[in-house]
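> sequence first, then the predicted structure:
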Amino acid sequence: MAVPKFIKGRKFAPSRTPPRTESDMASSASGRGGGFLLPAAVAAFVVLAAAVVQARGSSAAPCVPRVFSFGDSLADTGNFPFLYGNDSREPALRPPYGETFFRRATGRFSDGRLIVDFIADTMGLPFVRPYLSGRTAEDFASGANFAVGGAMALGPDFFRGRGVPMGDRMHLGIEMKWFHDLLDLLCPGNRTDCMGMINQSLILVGEIGGNDYNIPLLSRVPFEKIRTFTPSVVNKISSTITELIGLGAKTLLVPGNLPIGCVPNYLMIFKSDKKEDYEPETGCLRWMNEFSEYHNRLLVDELEKLRKLHSGVSIIYADYYGAAMEVYRSPKQFGIEHPLEACCGGGGPYGVSMIARCGYGEYKVCDEPQKYGSWDGFHPSESAYKGIAIGLLRGTYTQPSIATTISSCPQLIELGSSIEYKVLYDL
């Protein structure tokens, strides 16, 4: 697939940061990876925008009273600055991050909103408050987000025990400890008082697990060894779901992994001269996407086992991979002209380079971020996140459909029944 030239945009003077290494990229990844719009795409985005406006402008109760979210940089709405706010090496703590929607850096690893933001909006709720930004029970009246950029599913001891160098890192176990601490704040003296509240909440368990692969990949751990981590990653997600159900959770949304073979930095690092290494439809790396699909298959199988054990609980699989591949296969339907390029980065064929990255070195920022599939080479742009969110909220890429599971939500019903919206996926 031919990669379009990097659009010349704003250029920034070099920082004093030393040249980029793959180790730096591991940190960045773990920090965690005007176009012509066809009428169907216009309709799709209009329907989502209308649903958000309806949710915000309505005096009716939200579709769910609270959203709780766990995960990594794909879901972090602002915990990262509270942990690393004094670390000048972290570009997500300063502009140009956040420039598209918030007009300031919020700790989100993108130019604007994330999938969890679109979900909360559509549900009629405010953006989910980062857990570390709250102090009182009132602060968490609409839920809390425990996701942190750089978080892993497994703790560092898992990797150290397998010979993979790993410093201390955030992981799902710590996020769950924060959740328990929040329950003590919300229901002091009697944790069971919180069960009714958790019953009614939507809980997002991820995306999580991507960094369990990103960091070893960028540290050049043999791929065959990385593949052996997947059952343990999935088991950790499963045990977390089981723990949440034990606390009262009745509706859980569990995302799979994104197609990492479409990540610009991986396309640069693992560049191949073999045509068969690339998907002809998208230009993404085939073997990396096949690995994402492997993780997702194991996760889907595990979720089915959990459904049989907990028949009264709605466990919804969020197919981030499938929804994202819609964007990569038909980018112009989403207003994206450069699906495999980073808007903010060091230039080069995929908008990235080894000597500069978004926020470091002599980096560039494109003039129209909405036309790019990637923001910084590892994380999707707001436009890509919006396209993925549309697929999820309509129900096309959730099993069972979120639109039918949360049946009291008129915004979701409108998305699911929109004829114009369905046309988008028939093209």
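Nice, I can see it.
> all strands for the stretch 101-250 of the chain, in order.
Assigned strands in the stretch 101-250 of the chain, in chain order: 143-145, 202-205 (criterion: DSSP state E, counting those that start in this stretch).
> out of those strands, which gets nearest to G391?
Proximity of the strands of the stretch 101-250 of the chain to G391 was assessed by Cβ to Cβ; the nearest stretch is strand 202-205, lying at 15.5 Å. Heads up, the C-betas are built off the backbone N, CA and C, glycines and all.
> ok, that closest one: who's next to it in the sheet?
Sheet pairing here is set by DSSP bridges, and for strand 202-205 it gives strand 67-70 (parallel), strand 251-255 (parallel).
> just the mean pLDDT for the shortest one, thanks.
Predicted confidence along strand 67-70 averages 98 (mean pLDDT).
> residues in contact with the helix or strand that it is followed by?
Sequence order places helix 80-84 as the next helix or strand after strand 67-70, per DSSP states H and E. Contact partners of helix 80-84, identified using Cβ atoms under 8 Å, 6 or more residues apart in numbering, comprise 31, 73, 90, 92-93, 106-107, 109, 130, 132-133, 148-150, 170.
> can you give me the buried ones in helix 80-84?
For helix 80-84, the buried set under the neighbour-count rule, 16 or more other Cβ atoms under 10 Å, comprises F80, P81, L83, Y84.
> mind naming the longest helix for the protein?
helix 286-309 (DSSP state H).
> and the angle for the following helix or strand past that helix with strand 251-255?
The first helix or strand that comes after helix 286-309 along the chain, using DSSP H and E, is strand 314-318. For strand 314-318 against strand 251-255, the angle by axes from the mean of the first three to the mean of the last three Cα atoms, to 10 degrees is 20 degrees.
> what strands flank strand 314-318, and is each parallel or antiparallel?
Each strand that pairs with strand 314-318, with its direction, by DSSP bridges: strand 251-255 (parallel), strand 398-399 (antiparallel).
> picking up where we left off before, if we compare the strands paired with strand 202-205, which one ends up closest to I406?
Across these, I406 has its closest neighbour in strand 251-255 (7.0 Å, Cβ to Cβ).
> now that closest one and helix 286-309, what's the angle there?
Going by the same axes, to 10 degrees, strand 251-255 makes 160 degrees with helix 286-309.
> distance between the very next helix or strand once past strand 251-255 and the chain's centre?
Toward the C-terminal end, the helix or strand that comes next after strand 251-255 (DSSP H and E) is helix 264-269. Between the centre of helix 264-269 and the centre of its host chain there is 18 Å, according to Cα atoms, centre = their mean, to the nearest Å.
> any idea how far the residue at minimal distance from the centre of the chain lies from A61?
With distances taken as Cα atoms, centre = their mean, L74 lies nearest the centre of the chain, 2.8 Å away. With the distance defined as Cβ to Cβ, to the nearest Å, L74 ends up 29 Å from A61.
> now do E243
As defined by Cβ to Cβ, E243 lies at a distance of 28 Å from A61.
> who has more neighbours, these two?
E243 (13 against 9; other Cβ atoms under 10 Å).
> so who does the more buried one touch?
If you count contacts by Cβ under 8 Å, 6+ apart, E243 has them with M176.
> before we move on, what about G248?
Neighbouring residues of G248 by Cβ under 8 Å, 6+ apart: C194, M195, G196, M197, I198, N199.
> what's the separation between it and F179?
Computed with Cβ to Cβ, the distance linking G248 and F179 is 12 Å.
> just the terminal-to-terminal distance for stretch 265-273.
16 Å (Cα to Cα, to the nearest Å).
> can you pull the buried residues of it?
Counting neighbours by 16+ other Cβ under 10 Å, one finds that the buried residues in stretch 265-273 are N265, Y266, L267, M268, I269.
> quick check: which ranges of the stretch 51-200 of the chain have low pLDDT?
Along the stretch 51-200 of the chain, the parts satisfying pLDDT under 70 run over 51-60.
> what's the neighbour count on T251?
With neighbours defined by other Cβ under 10 Å, the count for T251 comes to 18.
> list the contacts of the nearest residue to it once chain neighbours are set aside.
Excluding its sequence neighbours, the residue lying closest to T251 (Cβ to Cβ, 6 or more residues apart in numbering) is S314, at 4.7 Å. For S314, the contact set (Cβ under 8 Å, 6+ apart) comprises K250, T251, L252, P400, T405.
> of the residues you listed, buried ones?
Of all these considered here, the ones buried according to neighbour count by 16+ other Cβ under 10 Å are K250, T251, L252, T405.
> setting the sequence-adjacent residues aside, check what's closest to the third one.
It refers to L252. That would be I203: by Cβ to Cβ, 6+ apart, it lies 4.9 Å from L252.
> the first one now?
With sequence-adjacent residues excluded and distances taken as Cβ to Cβ, 6+ apart, K250 is closest to N199, at 4.9 Å.
> what's the answer for the last one, then?
For T405, the nearest residue in space outside its immediate sequence neighbours is S314; the separation is 4.9 Å by Cβ to Cβ, 6+ apart.
> and that neighbour, how far from A61?
Look at S314 and A61: by Cβ to Cβ, they are 19 Å apart.
> re earlier: relative to P331, which of the contacts of helix 80-84 is nearest.
The nearest member of these to P331, counting by Cβ to Cβ, is F109 at 20.8 Å.
> in contact with the closest one, which residues?
Remark: with contacts taken as Cβ under 8 Å, 6+ apart, F109 is in contact with 31-32, 73-74, 76, 80, 92, 97, 149, 375-376, 378-379.
> I'd like to know which of these are buried.
31-32, 73-74, 76, 80, 92, 97, 149, 375-376, 378-379.
> farthest pair in these?
Among those, the pair separated by the greatest distance (Cβ to Cβ) is F80 and W375, which sit 14.9 Å apart.
> run through the residues that contact the residue nearest to K250.
When contacts are counted by Cβ under 8 Å, 6+ apart, N199 is found next to G248, A249, K250.
> test my guess that the second one contacts L202.
Put plainly, it is A249. No - with contact defined as Cβ atoms under 8 Å, A249 does not count as touching L202 (9.3 Å).
> more neighbours: which of those two?
Neighbour count, other Cβ under 10 Å: between A249 and L202, L202 has more, with 28 against 23.
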